[in-house]
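Chemist: Give me a 3D structure for the following:
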Amino acid sequence: MKNGVKKTDKRNNFTYWVVDKADGSKSYRKKVKKPNGKVTTATADTLAGLKEAVRKIKNETPLLCGLEQNNLTCGQLADLFLESFKRQNPPHNTVKRKESLVRAHFKPVLETMRIAKLTPILLENLAAPWFESNRSKEIIRTAKEIFHFAVKRRLMAYNPAEYLEGARPQKKPEKRNKFLTPAEVAQLVAFLDEKEPNTHNLRFRLLIVFLLNSGLRISEALAIKWEDIDLLEKTVLVCKKVLTNGEVEHFTKSKQDRLVPLGNYIIGELKKWKAHQAKEALRLGQKKTHLFECPYSDHVLNIQSVACKFRRVVTASGIPYCSLHDLRHTYGSTLAAKRVDVTQIQKRMGHSSPKVTQDFYIHASKEKDTQAEDVLDTLFNQLNKVANGS
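Modeler: This is a model prediction of the structure:
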């Protein structure tokens with residue numbers, strides 16, 4: 001370097017240049033190679049500052065190399081965030097959800113906006129469409145994560161979305177029960193019993209009744225194999241789940257396996273379905289391992305297809321709107337309404353802690369004198385009557 005003196009810190013094997021400025025002060029400089037192979041010059045007013053600048057350049061994320069901070073747009077920032085997020089190996093469904101939020105909501109509003117020009121007031125004005133969406137909470141949370149990603153990498157001085165949620169209008173969504181009453185359960189099953197008794201309809205009916213009797217998430221129920229069910233001990237082992245792309249992950253949402261007891265009614269239904277499935281498999285020359293498989297292949301059922309069919313069945317049966325997950329709530333609410341111990345409900349539902357169960361099923365009692373199996377058998381006695389035509 002011109003007008004500079006080359007020096008070496010022998011203790012740390014660190015070579016650098018000291019350059020005299022016009023005002024009499026000194027500048028410490030060193031050429032450093034970036035992770036992408038390009039060479040740049042690190043500059044600082046002190047030797048310690050130079051070493052810190054060199055360390056940051058060498059540890060720079062490869063994705064950021066070649067991108068000028070002042071010209072970086074929010075769309076490019078979102079892409080960098082997603083790439084970094086994927087490297088953390090999150091669940092597949094979580095990645096798809098993040099990508100959907102960025103593609104459908106974040107980029108249409110901020111894709112071409114330079115991060116250097118973005119302020120909290122400007123962001124609040126531009127983000128007006130987010131507040132009108134029924135996913136506003138998720139969108140704003142994702143925006144905060146993206147800008148926090150930029151702050152941690154010193155691309156932004158502060159997070160412009162930090163206080164964004166304060167401007168969100170308070171919407172009062174229509175209240176609806178998140179569980180079915182016994183009368184609605186009977187009406188739903190009676191409607192399914194009216195269908196032609198073919199393999200498709202029998203399998204779908206069993207799936208609905210199984211969800212009502214076990215409290216499993218739909219992703220967990222579709223991953224159940226026959227080897228997970230003990231018909232003698234009347235239990236089902238929940239240890240895996242199905243993703244939206246059809247792949248099976250060998251752990252549940254809470255990352256903990258659980259053993260869920262089953263009542264007499266659902267055990268009888270499972271025995272009937274096992275015999276029917278074995279007969280169909282023999283006719284087609286197949287071997288069925290999953291409880292709910294496609295009839296002509298060994299693939300598990302698709303979650304979205306099952307959800308769409310359930311919505312059509314709910315509309316046609318005449319019961320109030322409910323989702324597949326509401327069947328899980330029906331199971332938990334039934335136990336809580338009968339004053340089953342919160343800890344027992346938590347273990348069956350697979351919640352991370354009893355507090356999660358108690359916060360959701362606030363009407364649960366601390367009394368422990370009611371057994372869960374008795375409660376469920378009482379609830380589904382009417383299903384036996386419906387199934388027998390009485």
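
Chemist: Residue 145 versus the spatially most central residue of the chain, what's the distance?
Modeler: By C-alpha atoms, centre = their mean, the chain has its centre lying nearest to residue 94, at 4.3 Å. With distances taken as C-beta to C-beta, to the nearest Å, residue 94 is found 12 Å from residue 145. Just so you know, the C-beta spots here come from the backbone N, C-alpha and C atoms, and that holds for glycine as well.

Chemist: Now do the one helix or strand residue 131 maps to: which elements does it pack against?
Modeler: Element membership for residue 131, per DSSP states H and E: helix 128-132. Contacts defined by 3 or more C-beta pairs under 8 Å, 6 or more residues apart in numbering; DSSP states H and E place helix 128-132 against helix 107-110, helix 136-152.

Chemist: I'd like to check what contacts the shortest one. Which residues are they?
Modeler: Going back to what we said before, that points to helix 107-110. Contacts to helix 107-110, defined as C-beta atoms under 8 Å, 6 or more residues apart in numbering, come from residues 73-75, 78, 118, 123, 126-127, 129-130.

Chemist: What of the last one?
Modeler: Residues outside helix 136-152 that contact it (C-beta under 8 Å, 6+ apart) are 74, 77-78, 80-81, 84, 97-98, 101-102, 105-106, 115, 127, 130, 133, 156-162, 164-165, 168.

Chemist: Give me the subset of those lying in helices.
Modeler: Among the contacts of helix 136-152, DSSP state H puts 74, 77-78, 80-81, 84, 97-98, 101, 130 in helices.

Chemist: coming back round to it: hey, which of the helices and strands packed on helix 128-132 is tucked in deepest?
Modeler: helix 136-152 (a mean of 19; mean count of other C-beta atoms under 10 Å).

Chemist: Mean confidence (pLDDT) on it, please.
Modeler: For helix 136-152, the mean pLDDT works out to 91.

Chemist: Name the surrounding residues that touch stretch 229-239.
Modeler: The contact list for stretch 229-239 (C-beta under 8 Å, 6+ apart) reads 214, 216, 220, 224, 228, 250-252, 257-264, 267, 270-271, 274, 291, 350.

Chemist: Identify each buried residue in it, please.
Modeler: By neighbour count with 16 or more other C-beta atoms under 10 Å, stretch 229-239 contains the buried residues 229, 234, 236, 238-239.

Chemist: Same check on stretch 93-107?
Modeler: 93, 97-98, 101-102, 105-107.

Chemist: one step back: could you dump the helices and strands packed on helix 128-132 to a markdown table with distance to residue 53?
Modeler: A markdown table is the format used below for the helices and strands packed on helix 128-132 (distance: least, C-beta to C-beta, whole Å):
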| stretch | distance to residue 53 |
| --- | --- |
| helix 107-110 | 30 |
| helix 136-152 | 18 |
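
Chemist: and residue 359, which of those helices is closest to it?
Modeler: Closest to residue 359 of those, according to C-beta to C-beta: helix 136-152, at 17.3 Å.

Chemist: Check which element follows that closest one along the chain.
Modeler: helix 182-193.

Chemist: could you say what helices and strands the helix or strand following that following helix packs with?
Modeler: Moving toward the C-terminus from helix 182-193, the next helix or strand (DSSP H and E) is helix 199-214. The contact analysis (3+ C-beta pairs under 8 Å, 6+ apart) places helix 199-214 against helix 182-193, helix 218-221, helix 264-284, helix 303-317, helix 324-337.

Chemist: then helix 199-214 to CSV, C-alphas only?
Modeler: Below are the C-alpha coordinates for helix 199-214, written out as CSV (Å, rounded to 0.1, in the frame of the first residue of the first chain):
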residue,chain,number,x,y,z
THR,A,199,-63.9,-49.7,0.6
HIS,A,200,-63.6,-45.9,0.2
ASN,A,201,-66.6,-45.1,2.4
LEU,A,202,-65.8,-47.7,5.0
ARG,A,203,-62.3,-46.4,5.3
PHE,A,204,-63.4,-42.8,5.6
ARG,A,205,-66.0,-43.6,8.2
LEU,A,206,-63.4,-45.5,10.3
LEU,A,207,-61.0,-42.6,10.1
ILE,A,208,-63.6,-40.2,11.4
VAL,A,209,-64.7,-42.5,14.3
PHE,A,210,-61.0,-43.3,15.0
LEU,A,211,-60.2,-39.5,15.4
LEU,A,212,-63.2,-39.1,17.7
ASN,A,213,-62.1,-42.0,19.9
SER,A,214,-58.4,-41.4,20.0
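
Chemist: Now tell me what touches that helix from outside.
Modeler: 180, 185, 188-189, 192-193, 195, 216, 218, 221, 236, 260, 262-263, 265-266, 269-270, 273, 276, 280, 291-292, 295, 301, 306, 309-310, 313, 324, 327-328, 330-331, 376, 380, 383.

Chemist: Now do the buried residues in that helix.
Modeler: Within helix 199-214, the residues that qualify as buried by neighbour count (16+ other C-beta under 10 Å) are 202-214.

Chemist: what about that helix, average pLDDT?
Modeler: 92.

Chemist: That helix vs helix 264-284, what angle?
Modeler: 150 degrees (axes from the mean of the first three to the mean of the last three C-alpha atoms, to 10 degrees).
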